[in-house]
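A.B. asks: coords please:
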Amino acid sequence: MERNYTFTGDFSPEAVAAIFSIEMILALIANGVVLVITIYQRKSWKQSSTIFFTSLILAHLLIILVLPFSITALAAGEWIIGSTDEERKGTCDVSAYILLYSGNIMYITLSLISIDRFLFIVKPHLHKRFMSPRVALVLVIIVWIATALFFSSGFINGSGTVFEYINDIGACYAPVVQSYFRPEINSVIVNIICRKMRKKLNRTTPTAGEWIIGDTDKEKKGTCGFNGFMILYCAYNMLMTLSLISIDRFLFIVKPHLHKRFMSPRVALVLVIIVLIVTAVLLSSGFINGSGIVYQYIDSQGLCYANTTSPIMAATCFSMTMILLSIIVVTSIWTFCFTRKFIKIKKYKQQQVKTYKDYRNTTTVQYY
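C.D. replies: Next comes the predicted model:
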């Protein structure tokens, strides 16, 4: 196939294939069980949040469909899905399109879930008025159709998007040739700082076709390493900050006495400082030879990024990411379920009080 891209440095395709296999099995089981439970509980379909979460599950399942092809490609060392070069190119394009399409569906759906939860908790009268299950279903359909049309430009020559195979990750994907608007959940402050620091470094390198920031090879390697470090540093900081936000919201809603006791503004500030410092120390290992992380320039992306040269380091980064994502998912679902149960109990008590008042009024009228 043409348009292949290979990372430089040591790499273990077997380790990545094993991680993909485990991830595919666990994701298929988890998403399948949740989807079956959601379909079985028909009463939950009266909630707009159920429709949004179902959309998120379907997007995850769509990505899982691509993982077997990536595992096969990693085992073979190249993209082999198809008999001829034209068929391989076609399957590669479809695979890349599904990854890009499903990923952005998840981003947008998470944004809709955030808006839905905001209205449900902060503005319940607006939620009841505007966010009905029918409106939620219409929004989900619009998102799926609009996203499909938007990213189908990758099949058109000169559209600004190119689908290509990346050998070392065993997947076809779309390098960013033109900017797409992606409503990703992130920490706004860290994101702005990182963009400001990387903007000047990344402005000229895609045009030149190589990393040109620096006069000597040593300087170029230094600026490239710093750029790769900032990208990885900001990404992990945003993920850790999201974990802290999820824990803070969980304690505030589910365990308010613990939140009042332990999660003061001073504690929050200390946690943020610890996250910034610890992340910087851990990821600075990329500047040390033999640490398992190498910062290198990626031609197709026009930027420097971090590549793991050790299966142990790759497993460590993967485990850390999964732990942080698990914290976010578990605390969010727990908080959501607790909120629903609390509101249900509150409505039941209000109904009981209303019934008791009606009974007293009826009894009083009969007495007189």
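
A.B. asks: To which secondary structure element is Leu324 assigned?
C.D. replies: helix 311-367 (DSSP states H and E).

A.B. asks: so what secondary structure elements neighbour that helix?
C.D. replies: Under the contact definition 3 or more Cβ pairs under 8 Å, 6 or more residues apart in numbering; DSSP states H and E, helix 311-367 sits against helix 13-40, helix 85-121, helix 217-253. Every residue, glycine included, has its C-beta placed from N, CA and C.

A.B. asks: low pLDDT regions in the protein?
C.D. replies: Across the chain, the ranges flagged by pLDDT under 70 are 1-16, 153-171, 173-215, 286-292, 295-303, 305, 308-309, 359-361, 363-368.

A.B. asks: ok, the nearest residue to Leu258 once chain neighbours are set aside - how many residues close by?
C.D. replies: The shortest distance from Leu258 to any non-neighbouring residue, by Cβ to Cβ, 6 or more residues apart in numbering, is to Leu251 (5.3 Å). For Leu251, the tally of surrounding residues (other Cβ atoms under 10 Å) stands at 19.

A.B. asks: ok, Leu251 - contacts?
C.D. replies: When contacts are counted by Cβ atoms under 8 Å, 6 or more residues apart in numbering, Leu251 touches 258-259, 262-263.

A.B. asks: ok, now with 6 Å
C.D. replies: 258-259, 263 (Cβ atoms under 6 Å, 6 or more residues apart in numbering).

A.B. asks: how far away is Ala75 from Gly90?
C.D. replies: Distance, Ala75 to Gly90, by Cβ to Cβ, to the nearest Å: 21 Å.

A.B. asks: Which of those two has more residues huddled nearby?
C.D. replies: Neighbours per residue (other Cβ under 10 Å) separate Ala75 from Gly90, with Gly90 holding more: 15 against 12.

A.B. asks: ok, that one to Leu99 distance?
C.D. replies: Taking Cβ to Cβ, one finds Gly90 at 15 Å from Leu99.

A.B. asks: Please tabulate the helices and strands packed on helix 311-367 in a markdown table, including the columns distance to Ile71.
C.D. replies: Formatted as a markdown table, the helices and strands packed on helix 311-367 follow (distance: least, Cβ to Cβ, whole Å):
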| stretch | distance to Ile71 |
| --- | --- |
| helix 13-40 | 5 |
| helix 85-121 | 12 |
| helix 217-253 | 25 |
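
A.B. asks: wait, which of the ones you listed is closest to Lys347?
C.D. replies: helix 85-121 (13.6 Å; Cβ to Cβ).

A.B. asks: helix or strand right after that closest one?
C.D. replies: Tracing the chain C-terminally past helix 85-121 and defining elements by DSSP H and E, one meets helix 124-130 next.

A.B. asks: for that following helix, packing partners?
C.D. replies: Helices and strands touching helix 124-130, by 3 or more Cβ pairs under 6 Å, 6 or more residues apart in numbering; DSSP states H and E, are helix 85-121.

A.B. asks: The helix it packs on: which residues count as buried?
C.D. replies: Buried residues in helix 85-121, counted by 16 or more other Cβ atoms under 10 Å: 88-89, 91-106, 108-113, 116-117, 119-120.

A.B. asks: before we move on, what about stretch 17-35?
C.D. replies: Those would be 17, 19-20, 24, 31, 34-35, for stretch 17-35 by 16+ other Cβ under 10 Å.

A.B. asks: Can you lay out the residues you listed as a markdown table showing distance to Lys349?
C.D. replies: As requested, the buried residues of stretch 17-35 are exported to a markdown table (distance: Cβ to Cβ, whole Å):
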| residue | distance to Lys349 |
| --- | --- |
| Ala17 | 55 |
| Ile19 | 49 |
| Phe20 | 49 |
| Met24 | 46 |
| Asn31 | 36 |
| Val34 | 30 |
| Leu35 | 33 |
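
A.B. asks: what's the closest of the residues you listed to Gln352?
C.D. replies: For the buried residues of stretch 17-35, the nearest to Gln352 is Val34 (32.7 Å; Cβ to Cβ).

A.B. asks: Please find the angle between the direction vectors of the helix holding Leu324 and helix 13-40.
C.D. replies: In terms of direction (axes from the mean of the first three to the mean of the last three Cα atoms, to 10 degrees), helix 311-367 departs from helix 13-40 by 10 degrees.

A.B. asks: so how far is helix 311-367 off the chain centroid?
C.D. replies: Put simply, helix 311-367 sits 24 Å off its chain's centre (Cα atoms, centre = their mean, to the nearest Å).

A.B. asks: what do you get for stretch 116-136?
C.D. replies: For stretch 116-136, the distance to the chain centre is 24 Å (Cα atoms, centre = their mean).
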